[in-house]
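Engineer: A structural model of the following input is requested.
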Amino acid sequence: MTTTHPTVLLIGASRGLGLALAQEYLARGAHVVATVRGSRPTPLHDLTDPNLEIEHVDITERAQVESLRDRLKDRAFDLLFVVAGITNGRYETPADVDPDEFSQVMTTNALSPMRTVELLRDLVRADGTIAVMSSGQGSIANNERGEFEIYRASKSALNQLMRSYAARHRDDPRTLLLAAPGWVRTELGGPDAVLTVEESIPRLAGVIDAQHGRGGLQFLDYRGETLPW
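Structural biologist: Now for the predicted structure:
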């Protein structure tokens, strides 16, 4: 299987879903520039594909994102996909979460991904795609059981910021996607998650590839179904 996005800039690929996406796009024949935080070796470094380049950036540090943009300023990508994110305790509520932890989740999951999109958007071709890893838990309409309340709030905030971005750039032909991979068994998703990486990521990559060149903003899950805001 080949990809409609031959050049991919993948932000946050050291492990978990980001690592799986790097492997998936390499398998589809893409040239992938994938980022990790810090200088320590990660599972991404174990990949030996000649079409993989590894860059370093912490998206919570604006100066690092600007530096990455400057290093890549002469490149053009078909897909920018910001995957990086964190979670906190499943049962923590606004009544007991530490304010610093709340700020960290919000900064990492909402502010930083959209600031990264703002700073790197010009690296994406005019007919390319800008995707951000959201979650079905970011859907306010679908929240009927609680749990993961701080994480949910961060992904809802991310979705809102992406809608504002789309409104501000309504004449931009690039395709904008909020991607929901499902609840996947990774370090972040935990052992109770219902999907394996193999059940989610290849389908999610297929959904993203199918949107190439369509323009507009969509909130889609790994099956290609539109999620309610």
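
Engineer: let me see the ranges of the helices in this protein.
Structural biologist: Ranges of helices within the chain are 16-27, 62-71, 99-106, 112-120, 149-168, 197-210, based on DSSP state H.

Engineer: a markdown table for the ones you listed, including mean neighbour count, mean pLDDT and distance to T7?
Structural biologist: (C-beta placed from N, C-alpha, C; glycine too.) A markdown table is the format used below for the helices of the chain (neighbours: other CB atoms under 10 Å; pLDDT from 0 to 100; distance: least, CB to CB, whole Å):
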| stretch | mean neighbour count | mean pLDDT | distance to T7 |
| --- | --- | --- | --- |
| helix 16-27 | 24 | 97 | 10 |
| helix 62-71 | 15 | 98 | 15 |
| helix 99-106 | 14 | 96 | 31 |
| helix 112-120 | 20 | 98 | 13 |
| helix 149-168 | 19 | 97 | 22 |
| helix 197-210 | 20 | 96 | 13 |
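
Engineer: any chance of CSV for those, columns distance to R90?
Structural biologist: Formatted as CSV, those follow (distance: least, CB to CB, whole Å):
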stretch, distance to R90
helix 16-27, 17
helix 62-71, 30
helix 99-106, 13
helix 112-120, 22
helix 149-168, 8
helix 197-210, 19
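
Engineer: of these, which approaches T48 most closely?
Structural biologist: In terms of CB to CB, the element of the helices of the chain nearest to T48 is helix 16-27, at 10.2 Å.

Engineer: partner strands of the top strand by length along the chain, with direction?
Structural biologist: The longest strand of the chain (DSSP state E) is strand 124-133. The strands beside strand 124-133 in its sheet (DSSP bridges) come out as strand 77-82 (parallel), strand 175-180 (parallel).

Engineer: run the chain-centre distance for the last one.
Structural biologist: Meaning strand 175-180. 9 Å (CA atoms, centre = their mean, to the nearest Å).

Engineer: got a list of contacts for that strand?
Structural biologist: Contacting residues not belonging to strand 175-180 are listed as 81, 128-136, 138, 158-159, 162, 165-166, 204, 207-208, 211-222, 227 [CB atoms under 8 Å, 6 or more residues apart in numbering].

Engineer: filter those down to the buried ones, PyMOL style.
Structural biologist: Per 16 or more other CB atoms under 10 Å, the buried members of those correspond to this PyMOL selection:
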select buried, resi 81+128+129+130+131+132+133+134+135+136+138+158+159+162+165+166+204+207+208+211+217+218+219+220+221+222+227
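
Engineer: contact partners for G38?
Structural biologist: Here G38 is in contact with H56, D58 (CB under 8 Å, 6+ apart).

Engineer: before we move on, back to that, which of the strands paired with strand 124-133 is buried the deepest?
Structural biologist: Across these, averaging neighbours per residue (mean count of other CB atoms under 10 Å) puts strand 77-82 on top, at a mean of 25.

Engineer: as CSV, could you dump the C-alpha coordinates of that strand?
Structural biologist: Extracted in CSV, the C-alpha atoms of strand 77-82 (Å, rounded to 0.1, in the frame of the first residue of the first chain):
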residue,chain,number,x,y,z
PHE,A,77,5.9,18.3,3.4
ASP,A,78,2.6,16.7,2.3
LEU,A,79,1.5,15.9,5.8
LEU,A,80,2.2,17.6,9.2
PHE,A,81,0.9,15.4,12.0
VAL,A,82,1.2,16.5,15.6
